[in-house]
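Engineer: Mind folding the following:
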Amino acid sequence: MLRYSIMTNEGPIRFISDREHYGFMSNFYGVVFMYQGRQYRTAEHAFQEAKTKDVGWKRRIREAATPKEAKRLGRQCPMDAQWDHHKLSVMRDIVLAKFQSNPKLATKLVATGKRLLEEDAYWDSFWGTGRDGTGRNELGRVLMVVRRKLQNNEGS
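Structural biologist: Here you go, the predicted structure:
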């Protein structure tokens, strides 16, 4: 696992479940927010919907009862041909919208200081840390970028 220079002696903050102490960082965490003029109940709903241009699939994903169901539908929908080129920037935009729309969550994210944030997902070596801890941790990286943006805006 690539360790970041922002690491402090407090160690990383690992999160996975939306029901744990740092669960507010999970894309499954239930919080209503606006993204591109639409209301979402989780970041997972917004992210999965962004995968497709098909209006019917977008509606089904957005209206899914749970983030798990939205994720399942997102795996079945016809994907935008450019999705792999855009998914990181889409995730950054969605996570930023989630925290900018919810000051209490933004305060909690900023309160993590400069600690390394890791999605402790053993099954996902792209968004999480992967089975052996050497995953890319892209969701953790996105959260740290968003945290830095929020920290910089606090002084404004």
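
Engineer: Can you tell me the SS state at the spatially most central residue of the chain?
Structural biologist: Closest residue to the average C-alpha location of the chain: N27 at 4.6 Å, with CA atoms, centre = their mean. Taking DSSP: H, G, I helix; E, B strand; the rest coil as the rule, one finds N27 in the coil state.

Engineer: try V146
Structural biologist: helix.

Engineer: I'd like to know how far Q82 sits from K53.
Structural biologist: 10 Å (CB to CB, to the nearest Å). Yep, even glycine has a C-beta here, placed from its N, CA and C like the rest.

Engineer: more neighbours, the two?
Structural biologist: Per other CB atoms under 10 Å, whichever of Q82 and K53 has more neighbours is K53, with 14 against 9.

Engineer: Quick one: residues contacting that one.
Structural biologist: 78, 80 (CB atoms under 8 Å, 6 or more residues apart in numbering).

Engineer: And the strands in this structure, which stretches?
Structural biologist: 13-15, 33-35, 38-40, 117-119 (DSSP state E).

Engineer: What residues of the first one count as buried?
Structural biologist: With burial defined by 16 or more other CB atoms under 10 Å, the residues of strand 13-15 counted as buried are 13-15.

Engineer: Specify which member of these is nearest to A111.
Structural biologist: I13 (10.4 Å; CB to CB).

Engineer: any idea how far that closest one is from K98?
Structural biologist: 17 Å.

Engineer: do L109 as well
Structural biologist: 10 Å.

Engineer: just W127 next, same as before
Structural biologist: 15 Å.

Engineer: ok, the two, which is more surrounded?
Structural biologist: It is K98, of W127 and K98, that has more neighbours when counted by other CB under 10 Å, with 26 against 22.

Engineer: for the more buried one, what are its contacts?
Structural biologist: 31, 33, 35, 43, 46, 105.

Engineer: Tell me the spacing between it and H86.
Structural biologist: 18 Å.

Engineer: same thing with V146?
Structural biologist: 17 Å.

Engineer: okay, the two: which has more neighbours?
Structural biologist: V146 (25 against 13).

Engineer: burial count for the nearest residue to S17 once chain neighbours are set aside?
Structural biologist: Taking CB to CB, 6 or more residues apart in numbering, and ignoring the residues beside it in sequence, S17 has G23 as its nearest neighbour in space, at 5.4 Å. Per other CB under 10 Å, the neighbour tally for G23 reads 14.
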